[in-house]
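In: Using only what follows, build the 3D model:
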Amino acid sequence: MTKVKICGLMEPRHVQAAVEAGADAVGFVFAPSRRRVAIAQAKELARLVPDHVMKIGVFVNAEREELKRAFREVPLDYIQYHGGESLKFIEKVGLPSIKVVSVHGSEDVKEVHRFRTEFVLFDTPGIEFSGGSGKVFDWDLLNQDLPRERIILAGGLNAQNVKEAIRQVRPFMVDVSSGVEIEYRKDETLIREFIRAVKEEES
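Out: Residues are numbered from 1 along each chain as shown. Modelled structure (predicted):
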């Protein structure tokens, strides 16, 4: 069954809505972003997350000490590398990890074979910040021999298109942020609708 990650959470009510609706993972953004949280803030939000729900921290070119501190103190289950971090750096940090690949073309997709992280997240190139743009990229680019059990799909997903995304890409997990927001703020109804759409597709 395709898992669901609700990313960019900043408020307790939205964490609770995600957990209660059946999210498999929640994401806290520590990189420059409208959704940025401090380690102390994420630690408080993490208290609302049961053990069976993954806690993922999103970072862009962070120092190793910051990564380890956040991983330990929040605590996190995975580090999501959303910058230009090298394979050597990721391996040196040595924490369970997700590497984000911005998809411009089919060559970018092949990066999944180079990174030996637990997961690779495919997203649309960012515009204002390093990270996604909230736009959909061409899913046909993923129509090649890929380890589906390691793939997380992001980029412009919402309750209206996520079923087709799952049918076409068959990812391990789908990741949404702006697709469950109204005017840059998470919305409980949209969170519930998105998770319901994924679960319906799998039923």
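In: helix or strand for residue 27, which one?
Out: Here residue 27, judged by DSSP states H and E, is contained in strand 25-29.
In: Next secondary structure after that strand?
Out: Next element after strand 25-29 (DSSP H and E): helix 39-46.
In: so what does that following helix touch, helix or strand wise?
Out: Other helices and strands packing on helix 39-46, by 3 or more C-beta pairs under 8 Å, 6 or more residues apart in numbering; DSSP states H and E, are helix 12-21, strand 25-29, helix 64-73. Placement of C-beta: from N, CA and C, glycine included.
In: which helix of this protein spans the most residues?
Out: Secondary structure of the chain per DSSP state H: the longest helix is helix 188-202.
In: So which bits of that helix are buried?
Out: Under the neighbour-count criterion of 16 or more other C-beta atoms under 10 Å, helix 188-202 has 188, 190, 191, 192, 193, 194, 195, 197, 198, 201 buried.
In: so which of the residues you listed comes closest to residue 153?
Out: Proximity of those to residue 153 (C-beta to C-beta) peaks at residue 198, which lies at 11.1 Å.
In: thought residue 75 was touching residue 46?
Out: Yes. In this structure, residue 75 is within contact of residue 46 by C-beta atoms under 8 Å, at 7.1 Å.
In: Quick test: name the residue nearest the centre of this protein.
Out: With distances taken as C-alpha atoms, centre = their mean, residue 175 lies nearest the centre of the chain, 4.7 Å away.
In: Now do the contacts for that residue.
Out: 5, 7, 27, 121, 123, 152, 153, 154, 157 (C-beta atoms under 8 Å, 6 or more residues apart in numbering).
In: got the contact list for the worst-scoring helix or strand of the chain on mean pLDDT?
Out: Taking mean pLDDT, DSSP states H and E as the measure, the helix or strand of the chain with the lowest value is helix 106-109, at a mean of 88. Applying C-beta under 8 Å, 6+ apart, the contact partners of helix 106-109 are 101, 102, 103, 122, 141, 142, 144, 146.
In: Closest to residue 166 out of those?
Out: Residue 166 lies nearest to residue 142 out of the contacts of helix 106-109, by C-beta to C-beta, at 11.9 Å.
In: Report the beta-bridge partner residues of residue 36.
Out: Bridge pairing for residue 36 (DSSP bridges) gives the partners residue 29.
In: do you know how far it is from residue 118?
Out: For residue 36, the distance to residue 118 equals 24 Å [C-beta to C-beta, to the nearest Å].
In: All set now, cheers.
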